[in-house]
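Student: The following block contains a protein sequence and its predicted model.
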Amino acid sequence: MRDSRRILIGKKEIALAGGIKAALDEAHSAASMKMTPRAITAYEAVGSAPSEEDGVAIVVQIVVGNEAELREAIGAGAEAVLLVGVSAEEARRLVGIAPGLRGDCVVEVIDGSGREEI
């Protein structure tokens with residue numbers, strides 16, 4: 001099922017963009033094109049998430065497969081990550097790391113069969 005409120009960045013998109021940060025920047029730019037601009041102060045803009053007033057809220061989710069990629073993605077502004085191809089033990093460890101890097105980061109895990117583990 002395709003969700004128009006989510007942009008999923010996979011390994012192919014990361015490679016085409018030239019890296020995790022570049023892929024996230026492109027996706028965030030595309031997501032912002034679908035938002036309705038509104039006047040806010042600089043104080044309001046810093047660290048604020050899109051609201052319903054902004055139009056369609058679009059979540060940008062990026063696929064990662066290890067701790068280095070997780071750290072790079074969150075450091076580059078990822079608000080959601082999808083762990084793919086990691087063991088259940090490694091997934092639990094990475095899910096535990098993410099909140100320390102960004103408290104509001106959403107972490108989902110897909111096992112080898114495509115099912116959510118967590």
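Tutor: Received it, and whenever you're ready, just let me know what you need.
Student: can you pull the pLDDT of Arg5?
Tutor: pLDDT, Arg5: 80.
Student: Cys105: what's it in contact with?
Tutor: Applying C-beta atoms under 8 Å, 6 or more residues apart in numbering to Cys105 gives the contacts Ile74, Ala78, Glu79, Ala80, Val81, Ala98, Pro99. No exception for glycine: its C-beta is placed from N, CA and C like everyone else's.
Student: Can you tell me the SS state at the last one?
Tutor: Read that as Pro99. When classified by DSSP: H, G, I helix; E, B strand; the rest coil, Pro99 comes out as helix.
Student: In terms of pLDDT, where does the residue nearest to it when sequence neighbours are not counted sit?
Tutor: Spatially, and ignoring its direct neighbours in sequence, Pro99 is nearest to Cys105 (6.8 Å; C-beta to C-beta, 6 or more residues apart in numbering). Per-residue pLDDT puts Cys105 at 89.
Student: How about the backbone phi and psi for Cys105?
Tutor: phi -70, psi 130 (degrees, to the nearest 10).
Student: With Ala17 as the reference, measure out to it.
Tutor: 20 Å (C-beta to C-beta, to the nearest Å).
Student: Tell me what Leu8 is bridged to.
Tutor: Gln61 (DSSP bridges).
Student: How much space separates it from Ser87?
Tutor: 22 Å.
Student: Same drill for the two, tell me which one is more crowded.
Tutor: Between Leu8 and Ser87, counted using other C-beta atoms under 10 Å, the more crowded position is Leu8 (15 against 11).
Student: got a list of what the more buried one touches?
Tutor: Contacts of Leu8 (C-beta under 8 Å, 6+ apart): Gln61, Ile62, Val63, Leu82.
Student: Which strands and helices lie in contact with the helix or strand encompassing the last one?
Tutor: This means Leu82. Following DSSP states H and E, one finds Leu82 within strand 80-84. If you count contacts as 3 or more C-beta pairs under 8 Å, 6 or more residues apart in numbering; DSSP states H and E, strand 80-84 packs onto strand 59-64, helix 67-75, helix 88-101, strand 106-110.
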